[in-house]
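**Q** Pasting the sequence and the predicted model now:
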Amino acid sequence: MPVVRSSKGYGRKKAPPEGYEDIEDTLLEYDNAMKDALNASHEGKKRQETQWPIFEITHKRSRYIWEMYCDEKISKALYDWLIKNGKADANLIAKWKKQGYENLCCLRCIQTKETNFNSTCICRVPRDQLKEDHPIQCISCGCQGCASCD
């Protein structure tokens, strides 16, 4: 016999933990900036350039939450709640915890499957090892360098 589920508990979100009020305004600013980036005009831009503002806002919001947690300005419960509810990119933060990835801009820059030569993105190369004098910009996210030694 199939399990009968009641509607009790579905559709209700758990209230945020204590301390959310302190960062709520900043997170709302990031949400509004994300809405503006999603609704912005895409005319005259390349297909990947339209996604750059979205990657940038996601990075800034995740970095804000991560730094607040590292500085012990928010609790572990609030940090976990923010991750669970999609306010921060958990995979990106997990990479920031590893040595050599402290300044990583997005996960696409370290995925080797999406590149021509099965290597990481040009923004991951330290600037002192580049021979060109012109600025390098990532095709995926618009980053101009996120190597840890820069």
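**A** Nice, thanks for sending it over. Just so it is clear, the structure is predicted and the values come from calculations on it, not from any experiment.

**Q** Show me where this structure has its helices.
**A** Using DSSP state H, the helices of the chain run over residues 20-39, 52-70, 76-84, 90-96.

**Q** Switch the ones you listed over to TSV; also include distance to residue 139.
**A** Any C-beta I mention is one placed from the backbone N, CA and C, and that applies to glycine too. Below are those laid out as TSV (distance: least, C-beta to C-beta, whole Å):
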stretch	distance to residue 139
helix 20-39	18
helix 52-70	10
helix 76-84	28
helix 90-96	18
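
**Q** Go through the ones you listed and pick out the most buried.
**A** Stretch with highest mean neighbour count among those: helix 52-70 (a mean of 18; mean count of other C-beta atoms under 10 Å).

**Q** counting contacts, what elements does that one pack onto?
**A** When contacts are defined as 3 or more C-beta pairs under 8 Å, 6 or more residues apart in numbering; DSSP states H and E, helix 52-70 sits against helix 20-39, helix 76-84, helix 90-96.

**Q** Run the angle between it and helix 76-84 for me.
**A** Comparing the axes of helix 52-70 and helix 76-84 via axes from the mean of the first three to the mean of the last three C-alpha atoms, to 10 degrees yields an angle of 160 degrees.

**Q** what about helix 52-70, average pLDDT?
**A** Helix 52-70 carries an average pLDDT of 94.

**Q** Give me the angle between that helix and helix 20-39.
**A** Orientation check (the same axes, to 10 degrees): helix 52-70 against helix 20-39 gives 170 degrees.

**Q** can you dump the C-alpha coordinates of helix 52-70 into CSV?
**A** Provided in CSV are the C-alpha atoms of helix 52-70 (Å, rounded to 0.1, in the frame of the first residue of the first chain):
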residue,chain,number,x,y,z
TRP,A,52,29.2,37.9,-16.3
PRO,A,53,27.1,40.2,-14.0
ILE,A,54,25.3,37.1,-12.6
PHE,A,55,28.6,35.4,-11.8
GLU,A,56,30.0,38.5,-10.2
ILE,A,57,26.9,39.1,-7.9
THR,A,58,26.9,35.4,-6.9
HIS,A,59,30.6,35.6,-6.1
LYS,A,60,30.2,38.8,-4.1
ARG,A,61,27.2,37.4,-2.1
SER,A,62,29.0,34.1,-1.4
ARG,A,63,32.2,35.9,-0.4
TYR,A,64,30.2,38.2,1.9
ILE,A,65,28.6,35.3,3.7
TRP,A,66,31.9,33.4,3.9
GLU,A,67,33.8,36.3,5.4
MET,A,68,31.0,37.1,7.9
TYR,A,69,31.3,33.4,9.0
CYS,A,70,35.1,33.5,9.2
